[in-house]
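Colleague: After the sequence you'll find the predicted model.
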Amino acid sequence: MRVLIEHPDPATQDLLATGLRAHGYAVLTCGGPRSTDGTELSCPLLRHAPCGGVSGADAVLSCFDWSAPEERLILRRMAGEVPRPAIVLGPISRASAEHLADVVIEGLVSAASISQVTEALAALDLRPSRRETT
């Protein structure tokens, strides 16, 4: 199983990636939308382009604030990618959850720790195969 981790902090991203790899998952990482010149965001989903990370993932662990309009747009477009990955959201504040009320995503789960992420993935029947864990 391939999991894409989206997190703006590289240290936290590495910690999550290490934890998921220890559980046998193949991991890709993304820092999220970044300003390339102060005005333009670099996320391909914001440019109506396919995202190789999303399309190559079985699940996406997305740990953004979700209160910013561009982040909610990314989530909507991510949900429309084919094949559709399961979406696991990192810790969601009440305010952020209110911003997501209109977003319908298959497999939407809130998770805050590696054990919660692996439990959420298992609940979505997304476990690493024996071959991936060796």
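Modeller: In hand now; what should we look at? The shown structure was predicted, so the numbers you read here are calculated from the model rather than taken from an experiment.

Colleague: excluding its backbone neighbours, what's nearest A57?
Modeller: Leaving out its chain neighbours, the residue that sits closest to A57 by CB to CB, 6 or more residues apart in numbering is L4, at 3.9 Å. The way it works is simple: take the backbone N, C-alpha and C, and place the C-beta from them, glycine included.

Colleague: Please pull up the helix or strand immediately following the one helix or strand the one you found maps to.
Modeller: In this assignment (DSSP states H and E), L4 forms part of strand 2-6. Using DSSP H and E, the helix or strand that follows strand 2-6 in sequence is helix 10-22.

Colleague: Going by contacts, tell me the helices and strands next to the strand holding L4.
Modeller: helix 10-22, strand 26-30, strand 59-62 (3 or more CB pairs under 8 Å, 6 or more residues apart in numbering; DSSP states H and E).

Colleague: relative to strand 26-30, how tilted is it?
Modeller: 20 degrees (axes from the mean of the first three to the mean of the last three CA atoms, to 10 degrees).

Colleague: could you give the angle of strand 2-6 to helix 10-22?
Modeller: 160 degrees.

Colleague: Could you find the closest non-adjacent residue to G19?
Modeller: Of all residues not flanking G19 in the chain, I114 sits nearest, at 3.6 Å (CB to CB, 6+ apart).

Colleague: Of all the helices and strands packed on strand 2-6, which one is nearest L124?
Modeller: strand 59-62 (7.0 Å; CB to CB).

Colleague: Tell me the gap between the closest one and the middle of its chain.
Modeller: Remark: strand 59-62 is offset 2 Å from the chain centroid, using CA atoms, centre = their mean, to the nearest Å.

Colleague: Just after that strand, pick out the following helix or strand.
Modeller: Taking DSSP H and E, what comes next after strand 59-62 is helix 69-79.

Colleague: In PDB, please show the C-alpha coordinates belonging to that next one.
Modeller: Taking C-alpha atoms only, helix 69-79 is exported to PDB below (Å, rounded to 0.1, in the frame of the first residue of the first chain):
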ATOM      1  CA  PRO A  69      -9.600  28.400   0.500                       C
ATOM      2  CA  GLU A  70      -6.800  26.900  -1.600                       C
ATOM      3  CA  GLU A  71      -6.300  24.000   0.800                       C
ATOM      4  CA  ARG A  72     -10.000  23.200   0.600                       C
ATOM      5  CA  LEU A  73      -9.900  23.400  -3.200                       C
ATOM      6  CA  ILE A  74      -6.900  20.900  -3.200                       C
ATOM      7  CA  LEU A  75      -9.000  18.600  -1.000                       C
ATOM      8  CA  ARG A  76     -12.000  18.800  -3.400                       C
ATOM      9  CA  ARG A  77      -9.800  18.200  -6.400                       C
ATOM     10  CA  MET A  78      -7.900  15.400  -4.700                       C
ATOM     11  CA  ALA A  79     -11.300  13.700  -4.000                       C
END
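
Colleague: Many thanks, have a good one.
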